[in-house]
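In: Could you look at this predicted model? Sequence included:
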Amino acid sequence: MSEELFPRPPAQVAPGAVHLPGWLDAGAQEELLAACRRWALPPAGLRTVRMPGGGEMSVRQLSLGRHWYPYGYADTVVDGGGERVKTFPAWLGEWAQRAVDDAAAAAGDGPFGAGARAAAYDIALVNFYGADARMGMHRDSDERSDAPVVSFSLGDACVFRFGNAEGRGRPWRDVRLHSGDAFVFGGPARLAYHGVPRTEPGSAPPALGLRGRVNVTVRAY
Ligand SMILES: O=C(O)CCC(=O)C(=O)O
Ligand SMILES: [Fe+2]
């Protein structure tokens, strides 16, 4: 359901974690989805990620700029076909930077330092969620930079669980992310555990033409 009875203003979910509903308009969502479809093609396209324990992630993934594998970054698909990862596009870094500026404005400027405004975004992870996909509680801790992570969502809505930096358990806040929403986490929230316990299959805006959910997280190495 893309209609909401109540408006969804920007909200600080925890210090340093800011939800920016509807940050991407319909045109920007289409543009990002079209780019994701190009990136998903081989070489170094969408893949199933195998965990060190032998299990597989239910989310399928691709990387731009640097290849993420559990747990680190490489220039090539070291845990797959060895191809060179696709280039990170400058425009995506500019979108992320603008979202950080908007999050800082919405949060009253406190949680992000001046450094966050000049972050050199150079990595993106693109996740594709089919109807049954989910992502367990984890932290994004394989980057050396403390620049905020910026997430953009497309397609089906989901429950995004945003916890704390101490562990996987409570307290957490469940936020519904819709197609077009941005979510920024930096400062004291940069290493907080977070995950996606479920998506809402069939809730994507029909005009986007996507079944499932795509999430793009933009990061600085
Ligand atoms: O799909 C999402 O909203 C979150 C993705 C995420 O946490 C990640 O890629 O590390
Ligand atoms: Fe994450």
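Out: Ah, there it is. Ligands and ions are numbered 1, 2, ... in the order given.

In: which bits of the protein sit near ligand 1?
Out: For the chain, the contact set with ligand 1 under C-beta under 6 Å from any ligand atom comprises 125, 127, 135, 140, 151, 160, 194, 196, 215, 217. No exception for glycine: its C-beta is placed from N, CA and C like everyone else's.

In: Indicate the residue of the protein located nearest to ligand 1.
Out: Asn215 (3.3 Å; C-beta to the nearest ligand atom).

In: show me the contacts for that residue.
Out: Taking C-beta atoms under 8 Å, 6 or more residues apart in numbering, we find Asn215 in contact with 126-127, 129, 151-154, 158, 177, 196.

In: who's Thr76 bridged to?
Out: Beta bridges link Thr76 to Arg84, judged by DSSP bridges.

In: shouldn't it be in contact with Arg66?
Out: No: with contacts defined as C-beta atoms under 8 Å, Thr76 does not count as touching Arg66, sitting 9.7 Å away.

In: Look at the two and report which has more neighbours.
Out: Arg66 (20 against 15; other C-beta atoms under 10 Å).

In: So which of the contacts of Asn215 belong to helices?
Out: The members of those all map outside helices under DSSP state H.

In: How about the top strand by length along the chain, which residues are buried there?
Out: Longest strand in the chain by number of residues (criterion: DSSP state E): strand 56-64. By neighbour count with 16 or more other C-beta atoms under 10 Å, strand 56-64 contains the buried residues 57, 59-64.

In: of those, closest to Gly82?
Out: For these, the residue nearest Gly82 by C-beta to C-beta is Ser63; the value is 13.8 Å.

In: Can you show me the helices along the protein?
Out: Under DSSP H, the chain gives helices at 26-39, 90-106, 114-117.

In: that older thread, so what pLDDT did the residue of the chain closest to ligand 1 get?
Out: What the model reports for Asn215 is a pLDDT of 99.

In: got it, and Gln12?
Out: Here, the pLDDT recorded for Gln12 equals 95.

In: Likewise for the one 4 residues further on?
Out: You'll see Gly16 listed with a pLDDT of 94.
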